[in-house]
Every structure is written in structure tokens, then in C-alpha cells.
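[1] structure of the sequence below:
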Amino acid sequence: MSPESSIAPRSVAPATVREAGDENIATNLVAAPARPVHAGGTWEQVKALGLYMTKTEVHTYAFSVAAQVILSLFPFIVLMLTLSQKVFHSAKMFDVVGEMMTHFLPNNQDFVMRNMRVLAYAHTKTKLVSVVMLFITATGVFLPLEVALNSVWGVRKNRSYLQNQVVSIGLAVGVAALAMSSVALSAGQRTVMGWIFFGHTDGVVFNFIAHIFMKLCAMIASIGLFFLIYWVLPNRKIPARAVLPTAIIVGLLWEGAKYLYVLALPHLDFRSVYGPFEVSVSLIMWAFISGLLLLAGAYVSATRQALRETRADEIAEQRAS
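    Model (predicted):
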């Protein structure tokens, strides 16, 4: 069988444990399936991914991330609204934040954003608490994610607690900057469009263009978020080309999964079981699904990169022989 179509199992010496930061990826990844996965066998890779997604630790990581995401989501929204209102002094950015967060939330958007706006108008002490809570919970989100991604990429040693806090805070700042850039871009587009339409901002065409542009900015922000997590969080150097395509695909799949989840919500009928707590439950379930999707993308990236490097090594050996 040719190297281009598959990777034949070959006897190799056991891979040594690599230090974090090595560029090459060991072919015997911790999260790799028990039997070889053929590079040309898509079905084999799908089955391997399915086996990985049924592991207990994967669901444990996803549930842990979901809980921390809910704790950090509301302080993050308050922070975004506060920055738009008090720092940038932009009513348009304030409105765009509300619309963009509505895009990310699966249901009860009006209820959530109405209460978030109340908190954003609250006293300075409340806003300070939101910032502190955001940094505390952000580290809780990225800690289990780092452990999970290290396992996928074959990294044996996790960062120390202090190192993880530094990386987590850096990622939190990066995510906030990415979100605010999307908000500013969308608000700026509305200003330009208002000038083009001579101030007639209530028309159908203007609202349609503004809505589509806002959706596009939100999608780009989602892809950027997945890319930052895949690229920065593992305790080793990850080639950007190994995770960028996956981040794009996962970002698009995440958008599609959200619409499917919204369609399924009436049939799940959380209200009949959880009553007034249905909002929190629906958000937690969506965060759990998002966590599973993120981990699936990480597994695919690591597996494809290992296969790519193995194929390159075999071709180099054949040319040398």
C-alpha cells in the first residue's frame, strides 16, 4: 500500500517522553486509538474519534468546563457592557454587545441581557466584583481544558498552578480583546452604513446588512477563540497550521450545533423539570456540548498532525534508501 494512501504499522523503538515545547509530535499519542489509524481511511479516523468521545475523562472535562463557563459568562457580559459604556462611551457598541451576546446565547436572550444591562448600570463596586469574578472563573475554565489538551497532544507534564494562572489570565485578556474588537468593528460598520444611507438606519436593507455583518463578526470571534485555545493552552509548542483549519471547522460546526440545539430545546422541555431554573440548565447543557465539540476538534488536530509527520518521515526514509 502506498504511503500516500495509508500508514503501514512498522516496528519502531518506544518513543521517549518529550519535554514540553518540542516541535515534533510523538506518533504514539496518549489519546491515540489502540490500533493504527490509516491516513486515507476516513472511516477509521471517525471510529477512533468516536472511541475517544466515549471516554469518561472527556465528559468529566466537558462538564467541568461547562460549570466554569456559566460562572464566567455573566461577569464577562457585564464587563463588555461596562467597557462599551464607560471606557469607549459608545451607545452603538453598547447595543452591539447586547446583540452579539444574544447571538451566542441559545435561548432566553432577552431575559439574560435585560438583567445584564441592569448590572452594567449598577454601582462601581458591582462592576469591580464582576471583573474579579471573571478572572477567578476564567482560570477555572482553562485549567481542565489544559489537562485535556495536554493528554490529546501527548504532553506528560502539566503546567504548575502559577504558570496556569498566568496563561489563563492571558487567554482571558485575549478573549476580551477579541470580543471587543468584534464589537468595535460591528459598531464602526453601522456608523459607516449610516453615513452611506444618509442617516436612514431604520430601513430593511440597512438592518439586514448590519445583522449579517454582526453575525459574521461573531463567527470570526468564535473561530478566533477556538484557535487561541488550541494554539496557546497545551503545554508545548503547537504549529499554527495544525490547529487553524480545525478551529475554522469547529467554529462553523459550533454555529450549526447551536441552531440544532435551539430547535431541540422545545422538545427537551426543561421548564417542566427545572421550572424557573430552565435558563441556567439550558446554558449549562449548551456549554457542555460546546466543550465536547472543542475536545473533538483538539483530538482531530493532534491525530492529523501525527499522521502528517509520520507520512513525511516515511517518505523521507524511502527517498534516502
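[2] quick one: the helices in the stretch 151-300 of the chain, in order.
    161-196, 204-232, 240-268, 270-274, 278-320 (DSSP state H, counting those that start in this stretch).
[3] lowest average confidence across those helices, which one?
    Among those, helix 161-196 has the lowest mean pLDDT, at a mean of 84.
[4] buried set for that one?
    Buried residues in helix 161-196, defined by neighbour count with 16 or more other Cβ atoms under 10 Å: 164-165, 167-168, 171-172, 175-176, 178-180, 182-187, 189-190, 193. (Glycine included, C-beta is placed from N, CA and C.)
[5] what lies in contact with stretch 216-225?
    With contact meaning Cβ atoms under 8 Å, 6 or more residues apart in numbering, stretch 216-225 is reached by 100, 103-104, 175, 178-179, 181-183, 185-186, 247-248, 250-252, 254-255.
[6] sorry, wrong one. I was asking about stretch 97-109.
    77, 80-81, 84, 110, 112-113, 116-117, 179, 182-183, 186, 214-215, 217-218, 221-222, 258, 261-262, 265, 278-279, 282-283, 286.
[7] what subset of those is buried?
    Buried members of these, counted by 16+ other Cβ under 10 Å: 77, 80-81, 84, 112-113, 116-117, 179, 182-183, 186, 214, 217-218, 221-222, 258, 261, 265, 278-279, 282-283, 286.
[8] nearest residue to the residue minimising distance to the centre of the chain other than its sequence neighbours?
    Nearest to the geometric centre of the chain sits Phe226, at 3.6 Å (Cα atoms, centre = their mean). Excluding its sequence neighbours, the residue lying closest to Phe226 (Cβ to Cβ, 6 or more residues apart in numbering) is Ala247, at 4.1 Å.
[9] how close does the residue nearest to the centre of the chain get to Trp195?
    Applying Cβ to Cβ, to the nearest Å, the value for Phe226 to Trp195 is 34 Å.
[10] same question for Asp269.
    From Asp269 to Trp195 the distance is 47 Å (Cβ to Cβ).
[11] got it, and Val183?
    Using Cβ to Cβ, Val183 is found at 19 Å from Trp195.
[12] with Leu283 instead?
    38 Å.
[13] neighbours of the residue lying closest to Gly174 once chain neighbours are set aside, just the number please.
    Leaving aside its sequence neighbours, Gly174 sits nearest to Leu228 (Cβ to Cβ, 6+ apart; 5.6 Å). Number of residues near Leu228 (other Cβ atoms under 10 Å) recorded here: 17.
[14] other residues contacting stretch 273-287?
    Around stretch 273-287, the neighbours that count as contacts under Cβ under 8 Å, 6+ apart are 65-67, 69-70, 73, 105-108, 111-112, 258, 261, 265, 268, 270-271.
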